[in-house]
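Colleague: next come a sequence and a model predicted from it.
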Amino acid sequence: MVLRILIGPASRCRPLSLLIAQKRLSRLGPLIEAAPPGVPVYVAAQAVMDAIVGFPIHRGVLALGLRPPEPGAQTLLAALAPPALALVLLGVSNHDNMGGLFRNAAAFGAGAVVLDAACCDPLYRKAIRVSAGASLAVPFARLAAGEDPLATLAAAGFTALALTPRGQAPTAGLARPARTAILLGAEGPGLPDTILSRSRTVAIPMAPGWDSLNVAAASAVVLHELTRPAAPLQEPPAGQT
């Protein structure tokens, strides 16, 4: 999946070279043939690949890509045509969570992900793998040090929805503004009070005794709620009004 995205038209990263285990070559042949012209493909025995990587890499596929240029956050957000949806991540430093967040962003059609300076790299290999390649395709930008995320969102015409267990409104039935940004913080501390006190806060309704989800799971819930089509109106049975 990751290789398919890297060499496909949706990738924002240009593939530079591929390294394939000998035992995987025949199966991956059609996919490799779809790589852009001029991308070298190297083949090695499994033991050689394991020595290069430093552990047994069972999937037998390595690729090198060129990072895309990263625009400023305000530039990226302003370029999104409405209806626009973005994730804004503050302090998310776990690569598994980062990958899950990008995968959810791609799955629900978010146009961009904005990261603060404390977030980990979505193009770290584990984040790419967990994202199923989505971090290669979903545009992202990083806020400059000291840049106010809420001011940046407001300048681009976005309504900020801050997700927190203490949210004032439930996510269920949430109306979606034309330009919506979902703010998510790291597990544990969550979003800082300086952000929550200036934002419209929302919470996911849960069973008694539970107040939070993994941040990637929480993003899936709120993204689904904001992107699902409205239920169609049903005609009453004949003879009833």
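Modeller: Okay, I see it. These numbers were taken from a predicted model, which means no experiment stands behind them.
Colleague: for the residue nearest to G190 when sequence neighbours are not counted, give me its contacts.
Modeller: Distance criterion CB to CB, 6 or more residues apart in numbering; nearest residue to G190, sequence neighbours excluded, is T164 at 5.7 Å. (Each C-beta comes from the backbone N, C-alpha and C, glycine too.) T164 is in contact with 185, 190-191, 196, 201-203, counting by CB atoms under 8 Å, 6 or more residues apart in numbering.
Colleague: likewise Q22?
Modeller: Neighbours of Q22 in contact, by CB under 8 Å, 6+ apart: 43-46.
Colleague: can you check V92 too?
Modeller: Here V92 is in contact with 98, 101, 115, 118-120, 184-186, 215 (CB under 8 Å, 6+ apart).
Colleague: mind checking what secondary structure it has?
Modeller: Recorded secondary structure, V92: coil (DSSP: H, G, I helix; E, B strand; the rest coil).
Colleague: cool, and I5?
Modeller: Counting by three-state DSSP, the backbone at I5 sits in helix.
Colleague: picking that back up, nearest to A110, of the contacts of T164?
Modeller: Nearest to A110 among the contacts of T164: V202, at 16.1 Å, using CB to CB.
Colleague: may I have the phi/psi pair for the closest one?
Modeller: Phi and psi for V202, reported as degrees, to the nearest 10, are phi -130, psi 150.
Colleague: one step back: and the contacts of T164, which of them are in helices?
Modeller: Secondary structure from DSSP state H places L196 of the contacts of T164 in helices.
Colleague: in the chain, which segments are predicted with low confidence?
Modeller: 230-241 (pLDDT under 70).
Colleague: per-domain residue ranges of it.
Modeller: Domain ranges of the chain: 2-66, 73-227, per automatic domain parsing.
Colleague: just name the most buried of those.
Modeller: Most buried of the domains of the chain by mean neighbour count (mean count of other CB atoms under 10 Å) is domain 73-227; its value is a mean of 18.
Colleague: which strand residues bridge A86?
Modeller: A112, A181 (DSSP bridges).
Colleague: so what's it up against?
Modeller: 77, 80, 110-114, 158, 180-182.
Colleague: among the residues you listed, which one lies nearest to S131?
Modeller: V113 (10.3 Å).
Colleague: and that closest one, how far from I57?
Modeller: Distance from V113 to I57, counting by CB to CB, to the nearest Å: 27 Å.
Colleague: do the same with M1
Modeller: Look at M1 and I57: by CB to CB, they are 16 Å apart.
Colleague: how near is A220 to P149?
Modeller: As judged by CB to CB, A220 and P149 stand 21 Å apart.
Colleague: what of A51?
Modeller: With CB to CB as the criterion, A51 and P149 are 43 Å apart.
Colleague: leaving out sequence neighbours, find the closest residue to F140.
Modeller: V113 (4.3 Å).
Colleague: and A178, by the same measure?
Modeller: Using CB to CB, 6+ apart and skipping the chain neighbours, the partner closest in space to A178 is P82 (4.3 Å).
Colleague: F108 too?
Modeller: F108 sits nearest to L223 (CB to CB, 6+ apart), 3.8 Å away.
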